[in-house]
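Peer 1: whatever this is, show me its structure:
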Amino acid sequence: MKNVRRGVLYVLLIALWCGLWGEVTVANILSGAVVAVVTAMAGSVSAGSVRFRPLATFAWLVGIDLVVSTAAVVREVLTPTDYTDEAIVAVHLPDDARHHLLLLFGSITLTPGTAVVAADVSEQHVVVYLHVLHADRRDATVEHVVRIAQLACEAFPHGPSAPAVAASESEVTS
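Peer 2: Residues are numbered from 1 along each chain as shown. You can find the predicted model right below:
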């Protein structure tokens, strides 16, 4: 069963890789296989009897975000009624996220419907300001962005051990 799950993960990562390149070629499949193996094997963290692969989970989560949010934005564009309620949302990130801001900004902004518009980074805190299309989904968006930050911190630990991740707070302005 474990090998089947690993095989499915490899196939999905190769498909995602080919999708990012926009075509299925032998070169894309082979390079995707290399990326899939490295991604699946990198960043393993053990927690009791459960094994986590934060880098693969991070890549999977960002890939799913890309598909789901693209569909949502397409629906918004094609429907005659405008259901958007845009807002700027402040998301307080874990302190160790300061080491992964470029990765986080790219991952968040890559998904349609959400964009990083500003950040306030100091020794005391890391706050990212996001433009979102749906203010009523603020709490889910904040929770999701914090989860992405946690996975980035786990996949790419800074310092001698994996960082502890703090809870987040949020604010909304319209």
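
Peer 1: only C-alpha atoms from now on, for both contacts and neighbour counts.
Peer 2: OK.

Peer 1: and for His125, nearest residue in space, chain neighbours not counted?
Peer 2: Excluding its sequence neighbours, the residue lying closest to His125 (C-alpha to C-alpha, 6 or more residues apart in numbering) is Asp95, at 6.2 Å.

Peer 1: and the one you found, what's its pLDDT?
Peer 2: pLDDT, the model's per-residue confidence, is 87 for Asp95.

Peer 1: looking at it, it is touching Val126, isn't it?
Peer 2: Yes - under the criterion of C-alpha atoms under 8 Å, Asp95 makes contact with Val126 at 6.2 Å.

Peer 1: sorry, back to before: Provide the backbone phi and psi angles at the residue nearest to His125.
Peer 2: In terms of degrees, to the nearest 10, the main-chain angles of Asp95 are phi -60, psi -40.

Peer 1: and it, how close does it get to Ala152?
Peer 2: For Asp95, the distance to Ala152 under the criterion C-alpha to C-alpha, to the nearest Å works out to 12 Å.

Peer 1: more crowded one of these two?
Peer 2: A direct count of neighbours by other C-alpha atoms under 10 Å for Asp95 and Ala152 places Ala152 higher, at 25 against 20.

Peer 1: that one touches His100, doesn't it?
Peer 2: Yes - at 6.8 Å, Ala152 and His100 qualify as touching, with contact defined as C-alpha under 8 Å.

Peer 1: check contacts around the residue nearest to Asp82 when sequence neighbours are not counted.
Peer 2: Closest residue in space to Asp82, ignoring its immediate chain neighbours: Glu76 at 6.9 Å, by C-alpha to C-alpha, 6+ apart. Taking C-alpha atoms under 8 Å, 6 or more residues apart in numbering as the definition of contact, the neighbours of Glu76 are Asp82, Tyr83, Thr84.

Peer 1: all set now, cheers.
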